[in-house]
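Engineer: Pasting a predicted model and its sequence here:
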Amino acid sequence: MLFNSPVFIFGFLPVFYVVYLLLSRLRLHFLSLLWVLAASLFFYMWWNPRYLPLLLSSIVVNYLIGRALLAASGGRKGILALGVVFNLALLGYFKYAGFLAENINALPLAISFFTFQQIAFLVDAHKGRISRLHPLEYAVFVSFFPQLIAGPIVHHSEMMPQFAKARRRVPAAMQAVAISLFTFGLFKKTIIADGIAPVANVIFARAEQQEAMTFMEAFLGVLAYTLQLYYDFSGYSEMALGLALFIGIRLPVNFLSPYKAASIIEFWRRWHITLSRFLRDYLYIPLGGNRKGRVRRYLNLMITMLLGGLWHGAGWTFVIWGGYHGLLLVLNHGWARVREVLRLPPVPRPAAIALTFTLVMAGWIFFRAESLAGALHLFQALLWPQQPGLEISRLQELLKAGGQGASFVALTLAGGLVGVFALPSVVTWHLGGQGRARFRPGWPALILVLLMWGVILYQAGGTHEFLYFQF
């Protein structure tokens, strides 16, 4: 079941919401949490029932290991090691075993996300950051459907206090923010991301076939995927925030206008924020972080990003993408040091944003390509085009890919660029500092939301999976 599917929007979500609010108003806290758990497991099972036992067994084993960590007076490192090995073995078998790595459809949904989330929980339990552990609350913490499939990767301390107390009534202002966030995210996914996708799909497929292409064709393909991934992931992230707010739960922000970043360091503070946080807190810092000199710091950055790339998928393209970003981070930190020593002025922000965006675009080629040969073929078309020039007929054929009209795709690409660089972040507009709402319900907001729903219902052409579901 997908957030953007009719069965979810017009079936699952209204039933879930009405029953939850009814139980909460009756102050049936235990039953309301039990309902959230049941709905979340049903949501997960809808995708593939045979993987539900995997999720349940992971929850049970990690809960028992967490209880053992809280109760143990000695041998805590051994218990933690057992828990980490269990989770990594589960992830390694299902995600990286050769016969499954070649068949992405066999990958259990969300295994990367709920595995990392539970590793973080075990480490926090080992460090004494958890004082209370309730089985039902823990099960909801792991399986909560708004963030189960593609994040954010949440900390126990962020969610458990919220699950421990149920709201009798969700304020109207919070409901308005929830509806608006969900609508903006759905619009981004169904109209912009899915509207751009055919262009990226055609170009990357042609690259895998080693077909000759012009610079403009290759550039449009890479730009299309750059925008598709942006709006697909930001759309999911905003829908997840809105779905949680429907019942008064605040998820951490996971996406904050990353293409406006003026450096690769800033990009990783804005893109998949909770994954960056996990890699920093549970990998980079334990490796030594920046505490053991610059050379060790750069090595730690490379190791962290290589493993971050491998987390996304079992393939050399993902390893290269992770190593590429590791190298960019090393160069970024090195350049910051040179500027500090030589007292050089900063690069003008517009130029820094343009450079960062270009470097990120180049990295997405490895991220999207199905093979190293396909990625290199695209780079060749960009740097040494086999067919110089631009044929208008070929460009029109490209823009019509997937049944979309050329004018619609061109308008979507242009609008996507405007949204990335000229418009404020949807999350920033809706939520201020410390989670305070900036969004104010009223007629203008209502009209905007209704207009977006009109476009969604008129233009959306089927239900398409979110890109991060495959990771």
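Structural biologist: Received, thanks. Fair warning: this is a prediction, and the values are worked out from it, not measured in the lab.

Engineer: how's this structure carved up into domains?
Structural biologist: Using automatic domain parsing, the domain ranges for the chain come out as 6-169, 174-262+347-470.

Engineer: next structured bit after the helix or strand of the chain with the lowest mean pLDDT?
Structural biologist: None of the helices or strands of the chain scores lower by mean pLDDT, DSSP states H and E than helix 98-101, at a mean of 46. Moving toward the C-terminus from helix 98-101, the next helix or strand (DSSP states H and E) is helix 111-126.

Engineer: list the buried ones in the helix or strand harbouring residue 184?
Structural biologist: Using DSSP H and E, residue 184 sits within helix 172-187. Buried residues in helix 172-187, defined by neighbour count with 16 or more other C-beta atoms under 10 Å: 174-187. All C-beta spots, glycine's among them, are computed from the backbone N, C-alpha and C.

Engineer: for the residues you listed, which one is nearest residue 243?
Structural biologist: residue 182 (6.3 Å; C-beta to C-beta).

Engineer: ok, the closest residue to the closest one other than its chain neighbours - contacts?
Structural biologist: Distances taken as C-beta to C-beta, 6 or more residues apart in numbering place residue 242 nearest to residue 182, at 3.4 Å, with adjacent residues excluded. By C-beta atoms under 8 Å, 6 or more residues apart in numbering, the residues touching residue 242 are 177, 178, 179, 180, 181, 182, 183, 185.

Engineer: Residue 3 versus residue 242, what's the distance?
Structural biologist: Here residue 242 is placed at a distance of 9 Å from residue 3 (C-beta to C-beta, to the nearest Å).

Engineer: Next: residue 152.
Structural biologist: To residue 3, residue 152 is 14 Å away according to C-beta to C-beta.

Engineer: Could you do residue 331 as well?
Structural biologist: According to C-beta to C-beta, residue 331 stands 37 Å off from residue 3.

Engineer: more crowded one of the two?
Structural biologist: Neighbour count, other C-beta atoms under 10 Å: between residue 331 and residue 3, residue 3 has more, with 25 against 13.

Engineer: how close does that one sit to residue 464?
Structural biologist: Distance from residue 3 to residue 464, by C-beta to C-beta: 11 Å.

Engineer: tell me, what's touching these two both at once?
Structural biologist: Common neighbours of residue 3 and residue 464 (C-beta under 8 Å, 6+ apart) are residue 189.

Engineer: Low-confidence regions, the stretch 251-400 of the chain specifically.
Structural biologist: 386-400 (pLDDT under 70).

Engineer: Would you map the helices across it?
Structural biologist: Ranges of helices within the stretch 251-400 of the chain are 264-268, 273-279, 294-312, 316-342, 349-368, 372-383, 392-399, based on DSSP state H, counting those that start in this stretch.

Engineer: Could you save those helices as TSV and add columns showing distance to residue 33?
Structural biologist: Below are the helices of the stretch 251-400 of the chain laid out as TSV (distance: least, C-beta to C-beta, whole Å):
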stretch	distance to residue 33
helix 264-268	35
helix 273-279	23
helix 294-312	30
helix 316-342	37
helix 349-368	38
helix 372-383	46
helix 392-399	49
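
Engineer: Tell me which of those sits nearest to residue 457.
Structural biologist: Distance to residue 457, taken as C-beta to C-beta, is lowest for helix 392-399 among the helices of the stretch 251-400 of the chain, at 23.9 Å.

Engineer: Residue 84: what's it in contact with?
Structural biologist: Residue 84 neighbours (C-beta under 8 Å, 6+ apart): 119, 122, 123.

Engineer: from these, which single one is nearest residue 261?
Structural biologist: Set against residue 261, the nearest of the contacts of residue 84 by C-beta to C-beta is residue 119 (27.5 Å).

Engineer: Could you grab the helix/strand/coil label for residue 2?
Structural biologist: coil (DSSP: H, G, I helix; E, B strand; the rest coil).

Engineer: what's the distance between it and residue 329?
Structural biologist: For residue 2, the distance to residue 329 - C-beta to C-beta - is 33 Å.

Engineer: what's the answer for residue 293, then?
Structural biologist: 16 Å.

Engineer: When those two are compared, which one has more neighbours?
Structural biologist: Neighbours per residue (other C-beta under 10 Å) separate residue 293 from residue 329, with residue 329 holding more: 20 against 10.

Engineer: tell me the contacts of that one?
Structural biologist: 264, 265, 268, 301, 305.

Engineer: make it 10 Å
Structural biologist: Under the criterion of C-beta atoms under 10 Å, 6 or more residues apart in numbering, the neighbours of residue 329 are 263, 264, 265, 267, 268, 298, 301, 302, 304, 305.

Engineer: Can you verify my assumption that the fourth one contacts residue 230?
Structural biologist: Okay, so that is residue 267. No. If you go by C-beta atoms under 10 Å, residue 267 and residue 230 don't touch, sitting 11.7 Å apart.

Engineer: what do the two both touch?
Structural biologist: With C-beta under 10 Å, 6+ apart as the test, residue 267 and residue 230 both reach 258, 259, 360.

Engineer: The last one contacts residue 262, correct?
Structural biologist: The reference is to residue 360. No. Using C-beta under 10 Å, residue 360 is not in contact with residue 262, being 11.9 Å away.

Engineer: distance between the lengthiest helix in the chain and the chain's centre?
Structural biologist: Criterion DSSP state H: the longest helix present in the chain is helix 215-245. Its chain's average C-alpha position is 10 Å from that of helix 215-245, according to C-alpha atoms, centre = their mean, to the nearest Å.

Engineer: could you give me the average pLDDT of it?
Structural biologist: On average, the pLDDT along helix 215-245 is 93.

Engineer: Help me confirm that residue 321 comes into contact with residue 364.
Structural biologist: Yes. The pair residue 321 / residue 364 is scored as a contact, 8.0 Å apart, by C-beta under 10 Å.

Engineer: Can you pick out the residue with more neighbours from these two?
Structural biologist: Taking other C-beta under 10 Å, residue 321 and residue 364 do not tie; residue 321 has more neighbours (26 against 19).

Engineer: Give me the buried positions along the helix or strand containing residue 451.
Structural biologist: Assessed by DSSP H and E, residue 451 sits inside helix 443-459. Neighbour-count burial for helix 443-459, counted by 16+ other C-beta under 10 Å, picks out 449, 452, 456.

Engineer: Fine by me, we can end here.
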